[in-house]
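K.L.:
Sequence plus predicted model, see below.
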Amino acid sequence: MIEITALASGSRGNCYRVTDGSTLLLLECGIRYKDIQRRLEFRTSEIAGCLISHEHKDHCKSVADVMRAGIDCYMSQGTAEALGVSGHRCRIIQARKQFRIGSWTILPFETQHDAQEPVGFLMANQTGDKLLFATDTYYIRYKFKNLTHIMVECNYAADILRENVRTGLVPVEMKKRILRSHFSLENVKEFLRANDLSRVQQIWLLHLSNDNSDEERFRREIQELTGKEVYIA
């Protein structure tokens, strides 16, 4: 049974605790390590590893402190180079080449973002649960079978973004970046329609924009589309 806890989500920082009851992982470390410690009640010795999707600070702010604490951090070569990190705690991974951490088998895959070599993660455990983690991407090119848990960015809704540009709340150049680098409510729906959701137990919507999202609307529309449990991180 997979248990997901959002320690932080959004442009100010992203960090998630995921465990299958055997191996505990962090997904991202985009908040201060002191805050990670506090939110995990200082039980950080239980962390078997930290997966990092890309080099933007809201996803890896405390990577150096996490590694200094003796926790291996897994990232692409491009992410490591962009961050300027190395050493035996920096574990280089490649898209479409799976690896193991404890009871998890993890398959990284390419995502589409304005970063050097961003990845998402498909994570399977020994009991048949399968979790998808995809954030900071405007497109997911793959389809996935037998998912039980989905953690996916749902950054903005197109109509809200258009209105915010019209009123001047969001600059036009910012709109262009958002469209090229983040997953919209509309794209999340398209992605969910394209995949088999028959085994899915939970859908987590991540990284909602402060200005361009509507938490209750997003939850309601994804629940109506899928009939699944939907959580906002």
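P.N.:
Nice, thanks for sending it over. Numbers count the residues shown, from 1 in each chain.
K.L.:
From here on, just use CA atoms for contacts and neighbour counts.
P.N.:
Noted.
K.L.:
For Gln77, grab the count of nearby residues.
P.N.:
Look at Gln77: counted by other C-alpha atoms under 10 Å, it has 19 neighbours.
K.L.:
in the protein, which helix or strand is least confident?
P.N.:
One helix or strand of the chain scores below all others by mean pLDDT, DSSP states H and E: helix 172-181, with a mean of 86.
K.L.:
Can you list the low-confidence ranges for the chain?
P.N.:
Within the chain, no stretch has pLDDT under 70.
K.L.:
Now with 90, please.
P.N.:
The chain contains residues with pLDDT under 90 at 1, 10-11, 112-115, 136, 138-139, 170, 172-181.
K.L.:
what about the helices in it?
P.N.:
33-39, 57-60, 63-68, 77-83, 158-166, 172-181, 185-194, 215-226 (DSSP state H).
K.L.:
list the contacts for the spatially closest residue to Gly102 that is not a sequence neighbour?
P.N.:
Spatial nearest neighbour of Gly102, excluding adjacent residues (C-alpha to C-alpha, 6 or more residues apart in numbering): Thr23 at 5.7 Å. When contacts are counted by C-alpha atoms under 8 Å, 6 or more residues apart in numbering, Thr23 touches Ile47, Ala48, Ile101, Gly102, Ser103, Trp104.
K.L.:
need the helices of the chain in JSON lines with distance to Val119, can you?
P.N.:
As requested, the helices of the chain are exported to JSON lines (distance: least, C-alpha to C-alpha, whole Å):
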{"stretch": "helix 33-39", "distance to Val119": "22"}
{"stretch": "helix 57-60", "distance to Val119": "12"}
{"stretch": "helix 63-68", "distance to Val119": "16"}
{"stretch": "helix 77-83", "distance to Val119": "9"}
{"stretch": "helix 158-166", "distance to Val119": "24"}
{"stretch": "helix 172-181", "distance to Val119": "13"}
{"stretch": "helix 185-194", "distance to Val119": "17"}
{"stretch": "helix 215-226", "distance to Val119": "24"}
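K.L.:
deepest of the ones you listed, which one?
P.N.:
Of all these, helix 57-60 has the most neighbours on average by mean count of other C-alpha atoms under 10 Å, namely a mean of 23.
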